[in-house]
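Q: sequence and predicted model, in that order:
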Amino acid sequence: MKIQTPTEFLTFGDGICDIYSVKGNQRDAKLLTLCYGDRTVGMKRYYAARAATVQIDRLIQVPQQRSIEAIHRAVIDGAEYRIEQVQHVSDTNPPATLLTLRKVG
């Protein structure tokens, strides 16, 4: 894939996110610890999720990790989130994974 110029430069300086596997309905083993950057949940994404009866609490970007799946859980500052959607973006510098999160509990 050819990268277009200018390329959007992403940062991951907003904190640390832990990714866990899930066993039953509870988080299980820690898989990854990643730096993340907060993103704004846009109105289009927010209302599209509401129409599908899905709640979006947070949107973050992490360095691209194709091993992350929607069955995993994310923990940020002690709060646990279910990963509702995973999007791998390759046309940014560096490539990133966008995680759409819904708070558990």
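A: Looks like it came in fine.

Q: in this protein, where's the longest strand?
A: If you go by DSSP state E, the chain has its longest strand at strand 26-39.

Q: wait, residue 13 touches residue 60, no?
A: No: counting by Cβ atoms under 8 Å, residue 13 does not reach residue 60; the two are 11.9 Å apart. Heads up, the C-betas are built off the backbone N, CA and C, glycines and all.

Q: neighbour-wise, which of those two wins?
A: residue 60 (23 against 8; other Cβ atoms under 10 Å).

Q: for the closest residue to residue 71 other than its chain neighbours, grab the count of nearby residues.
A: Nearest residue to residue 71 in three dimensions, chain neighbours excluded: residue 22, at 5.9 Å (Cβ to Cβ, 6 or more residues apart in numbering). Using other Cβ under 10 Å, residue 22 is surrounded by 15 other residues.

Q: pairing partners for the host helix or strand of residue 22, with directions?
A: Per DSSP states H and E: residue 22 is located in strand 15-23. Strand 15-23 has the following sheet partners, assigned by DSSP bridges: strand 26-39 (antiparallel), strand 73-76 (antiparallel).

Q: quick revisit: tell me the contacts of the residue nearest to residue 71?
A: Counting by Cβ atoms under 8 Å, 6 or more residues apart in numbering, residue 22 makes contact with 28, 71, 72, 73.

Q: so what's it bridging to?
A: Going by DSSP bridges, residue 22 forms beta bridges with residue 27.

Q: from residue 32, how far off is it?
A: 14 Å (Cβ to Cβ, to the nearest Å).

Q: ok, then the element right after the lowest-mean-pLDDT helix or strand in the chain?
A: Within the chain, confidence by mean pLDDT, DSSP states H and E is lowest for helix 43-51 among all helices and strands, at a mean of 71. Note on helix 43-51: by DSSP H and E, the next helix or strand toward the C-terminus is strand 58-63.

Q: show me which parts of that following strand are buried, residue by residue.
A: 58, 59, 60, 61, 62 (16 or more other Cβ atoms under 10 Å).

Q: name the residues that touch that strand?
A: 10, 12, 14, 17, 34-41, 45, 68, 74, 76, 81, 89, 94-101, 103.
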